[in-house]
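**Q** Next input, structure requested:
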Amino acid sequence: MKILLVDDNKIFTMKMKMLLKNCVQSEIISARDGYEALKEYNDCIEAGDKFDMIFLDINIPYMNGLEVLDEMRKIEEEKNISRETIYILTAAPTEDLVMGAFVGKADAFIIKNDTLNSRIAKEVKACSADERVQ
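**A** Numbers count the residues shown, from 1 in each chain. The predicted structure follows:
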């Protein structure tokens, strides 16, 4: 399983990598800002590959997560490639952010809190199970 993790918080990124590695065997690529996220995304597509899951924080430098989400969805349409599974992450949800995530066609909105670990574990295991079936 190939996962893109986009977050500028080093501690959160380290915790997420440990959690993801405990859930499923995976290659985890991390990016700290919107530009790095789009570079990793485009490099993956150009290599003829895709991410199985993308975790995208809203509050990242240079381009926020919703702008990155919008660009990723545009690239999918332009290149006629299958839709990536993208989860939006935030520690401070507001109604506008939640609505923006779904207008931007996110697959889910996950709040960074005490229940984050169990929610992420469920999503990763479900995605992994779906992949084995196909």
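**Q** neighbours around the closest residue in space to Met1 that isn't next to it in sequence, how many?
**A** Leaving aside its chain neighbours, Met1 sits nearest to Ser26 (4.2 Å; criterion: C-beta to C-beta, 6 or more residues apart in numbering). No exception for glycine: its C-beta is placed from N, CA and C like everyone else's. Neighbours of Ser26 under the rule other C-beta atoms under 10 Å: 17.
**Q** Quick one: residues contacting Ser26.
**A** Met1, Lys2, Ile3, Leu20, Asp52, Val124 (C-beta atoms under 8 Å, 6 or more residues apart in numbering).
**Q** Could you do Ala37 as well?
**A** Leu4, Val6, Ala31, Leu56, Ile60, Met63, Val68.
**Q** Following the one helix or strand it maps to in sequence, what is the next regular element?
**A** Per DSSP states H and E: Ala37 is located in helix 34-46. Counting by DSSP H and E, the element after helix 34-46 in chain order, helix or strand, is strand 53-57.
**Q** Show me what that following strand is packed against.
**A** Under the contact criterion of 3 or more C-beta pairs under 8 Å, 6 or more residues apart in numbering; DSSP states H and E, strand 53-57 touches strand 2-6, helix 65-79, strand 86-90, helix 116-133.
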